[in-house]
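Novice: Curious how this folds, go ahead:
(chains A, B and C)
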Amino acid sequence: MPRTPEAQAFFHAVYAAVQEIPEGKVTTYGHIAKLIGTPQRPRQVGTALKHLPSDTSLRYHHDNVPWQRPGTSSAILTESRSQPEGARNQAANLQAEGVAVTTGALGELMVDFAEFGWFPRLLPSEEAAGVIPDDSDDDDGESE
DNA sequence: ACCCTGACCTATC
DNA sequence: AGATAGGCCAGGG
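Specialist: Predicted coordinates for the structure are as follows:
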């Protein structure tokens, strides 16, 4: 539970953004951070989800917010000290949605974005620019 | 009340 | 190509 109202608003923004992620799809913490207007704080996004309350009486809770869908940019399901089984639980939830989870050589659970066609929500500026995070292979030169 | 860590990302070397 | 450094700011000890 955040101390300052700003932090609480930030948390709520994170939860709301996470709720917008469709089932079977995933996105990154950085993208969530950008969506809520704070691209410089992907860490706090993780902090917010870590502090996601289990109290179902609240507006946002563990069962209401799909905390499993956002992940890291490296596609590796990271875990916290407080919740060592978080990654495994996340993997289980993702697999339940039909998301392919790959196990690394060292036993790391990682999501293969290409397997199910990762398609995150775009920012207004990106949509205007016509940026599609598909297999668009830009060899060189960016306009603008 | 201070200091370090943290479910991270991006730019630079 | 990979590795390192810096930044962000709230939580927890």
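
Novice: so what's residue A:48 up against?
Specialist: A:10, A:11, A:14, A:15 (Cβ atoms under 8 Å, 6 or more residues apart in numbering). Any C-beta I mention is one placed from the backbone N, CA and C, and that applies to glycine too.

Novice: The last one belongs to a helix?
Specialist: It stands for residue A:15. Yes. The assignment for residue A:15 (DSSP: H, G, I helix; E, B strand; the rest coil) places it in a helix.

Novice: quick one on the thing from earlier: what's the most distant pair in the contacts of residue A:48?
Specialist: A:10 and A:15 (9.8 Å; Cβ to Cβ).

Novice: Name the residues of chain A found near DNA strand B, please.
Specialist: Contact residues (Cβ under 7 Å from any atom of the strand) of chain A with DNA strand B: A:28-30, A:33, A:42-47, A:49-50, A:52, A:67, A:72-74, A:78-83, A:86-87, A:90.

Novice: filter the residues you listed by proximity to DNA strand C?
Specialist: A:42, A:43, A:44, A:47.

Novice: Now the second one: closest residue in space that isn't a chain neighbour?
Specialist: What it means is residue A:43. residue A:29 (7.8 Å; Cβ to Cβ, 6 or more residues apart in numbering).

Novice: quick one: the one you found and residue A:69 touch, right?
Specialist: No. Between residue A:29 and residue A:69 there is no contact under Cβ atoms under 8 Å: 10.8 Å.

Novice: and chain A, which of its residues are near DNA strand C?
Specialist: So far as Cβ under 7 Å from any atom of the strand goes, chain A lies against DNA strand C at A:1-4, A:6-7, A:10-11, A:40-44, A:47, A:51.

Novice: make it 6 Å
Specialist: Within chain A, the residues that sit near DNA strand C (Cβ under 6 Å from any atom of the strand) are A:2, A:3, A:4, A:6, A:7, A:40, A:41, A:43, A:44, A:47.
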